[in-house]
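Asker: need a structure here:
(one chain, ligands or ions: 1)
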Amino acid sequence: MAFKTLASFVAVLAALQVANGALTRRVTCPDGVNTASNAACCALFPVLDDIQKNLFDGGQCGEEVHESLRLTFHDAIGISPKIAATGVFGGGGADGSIALFEDIETNFHANNGVDEIIDEQKPFIARHNITTADFIQFAGAIGVSNCPGAPRLDVFVGRKDATQPAPDKTVPEPFDSVDDILARFEDAGGFTAAEVVALLASGTRVAAADHVDPTIPGTPFDSTPERFDTQFFIETQLRGTLFPGTGGNQGEVESPLQGELRLQSDAELARDSRTACEWQSFVNNQAKMQSAFKAAFRKMTVLGHNVNDLVDCSEVVPTPPAPASNAHFPAGLSNKDVEQACSSTPFPTLPTDPGPVTSVAPVPPS
Ligand code: HEM
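Answerer: Residues are numbered from 1 along each chain as shown. Below is the predicted model of the structure:
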């Protein structure tokens, strides 16, 4: 009898875990393997396994990750209280509308190319118990967890799917002015200039452009496109000297490296007095970039929702690998190539990579 009481006491203790000083009860998921702090998170484990294996090529930080991250933004930013104030539907934010109304939204100019990842994601959404709105944000967060140096992003579930498409012109274009870009983010969700800079850490952007200069698809924005490091903030501050492909593309300005593409919007945000010091503050400050991106991304992924109505399932997200590179100037470049824009703090002194002048290889399609 005493043994039985002790055994059940131990079982109760096992079902409790101490988190942030408070006792929380964990549930065992129907798979019998995983546990979660909220039963709603259990549905994410099979999705996680499936996308890591079959969408992200066994946990890579490759093209599908880049595209999935871009999609989180293009879906979420589709909300405008300013448009709504005119009596027209202003969009529902992170509501899956970009995929649910693919025929409409992928025709918007700024969404050029997102149809590819929408079509790749659709079978995964169909075979799992998850809304399109939740899946888009979940896939982005899981994909980023494969990138060395990335923060462990937060994940929420419980978003309702869109019943209407977002209006056009909610997604910023690389040829928009800094005024327009900052105003768009402010309208979408009250983002500050600092939060906009933080979001563009995605431009370290474990990313590449396929459509800005279509003659050179897969051209990255920094020399380490498979890593979430601070090189993007260093290299966007270097004097532009060349076009990696053809010149004269809308939204593109000269970059400092062969094989690297610079967006006009990145160049201007790096040099505008409202954003330049914040931009420079990420240089060689991996921890600041990680925490600022994590916070701004969290805010972005719940646009259009009251976060208190959603369930926090961040515990499902794997811990990303540590950063694999140290901040540096690409070979052949140094502090003298920096176009100093922050008036209050000098650009950090960094080592230059040894070897021949850097030429960045394109991101291979996977
Ligand atoms: C001022 C705001 C922004 C502008 C003007 C902008 C513009 C662009 C452009 C023109 C491309 C290249 C698309 C192509 O040619 O394939 C791109 C790619 C990308 N963007 Fe943005 N972007 C912005 C903000 C963001 C944000 C906030 C995120 C994520 C949080 C993001 C994530 C990405 C990613 C991951 C890619 C690479 C996609 C790939 O490699 O396939 N962007 N962006």
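
Asker: alpha carbons only for contacts and neighbour counts from here, please
Answerer: Fine.

Asker: which residues in the stretch 51-200 of the chain form strands?
Answerer: 156-157 (DSSP state E, counting those that start in this stretch).

Asker: residue numbers of it in contact with the ligand?
Answerer: Proximity of the stretch 51-200 of the chain to the ligand, by C-alpha under 6 Å from any ligand atom, involves residues 63, 66-67, 69-70, 73, 172-174, 181, 199-200.

Asker: just send the residues you listed back as JSON lines, with distance to residue 273 and pLDDT too.
Answerer: Below are these laid out as JSON lines (distance: C-alpha to C-alpha, whole Å; pLDDT from 0 to 100):
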{"residue": "63", "distance to residue 273": "33", "pLDDT": "91"}
{"residue": "66", "distance to residue 273": "29", "pLDDT": "93"}
{"residue": "67", "distance to residue 273": "30", "pLDDT": "95"}
{"residue": "69", "distance to residue 273": "28", "pLDDT": "96"}
{"residue": "70", "distance to residue 273": "26", "pLDDT": "96"}
{"residue": "73", "distance to residue 273": "25", "pLDDT": "98"}
{"residue": "172", "distance to residue 273": "20", "pLDDT": "98"}
{"residue": "173", "distance to residue 273": "20", "pLDDT": "98"}
{"residue": "174", "distance to residue 273": "18", "pLDDT": "97"}
{"residue": "181", "distance to residue 273": "14", "pLDDT": "98"}
{"residue": "199", "distance to residue 273": "18", "pLDDT": "97"}
{"residue": "200", "distance to residue 273": "17", "pLDDT": "95"}
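
Asker: now for those: which two are most distant?
Answerer: Farthest pair in those (C-alpha to C-alpha) is 63 and 181. Separation: 25.6 Å.

Asker: neighbour count: these two, which is higher?
Answerer: Comparing residue 63 with residue 181 by neighbour count (other C-alpha atoms under 10 Å), the higher total belongs to residue 63, at 24 against 20.

Asker: would you mark the buried spots in stretch 162-180?
Answerer: 162, 164-168, 170-175, 178 (16 or more other C-alpha atoms under 10 Å).

Asker: what's the offset of that stretch from the middle of its chain?
Answerer: Distance of stretch 162-180 from its chain centroid, counting by C-alpha atoms, centre = their mean, to the nearest Å, is 17 Å.

Asker: any idea how far apart the tips of that stretch sit?
Answerer: 26 Å (C-alpha to C-alpha, to the nearest Å).

Asker: with stretch 258-276 instead?
Answerer: Per C-alpha to C-alpha, stretch 258-276 runs 24 Å from first to last residue.

Asker: any idea of the mean pLDDT for it?
Answerer: Across stretch 258-276, the average pLDDT comes to 97.

Asker: do stretch 235-246 as well
Answerer: 97.

Asker: give me the contact list for it.
Answerer: 213, 215-216, 222, 253-262, 266-267, 270-271, 329, 337-340 (C-alpha atoms under 8 Å, 6 or more residues apart in numbering).

Asker: of these, which belong to helices?
Answerer: Of the contacts of stretch 235-246, the ones assigned to helices by DSSP state H are 266-267, 270-271.
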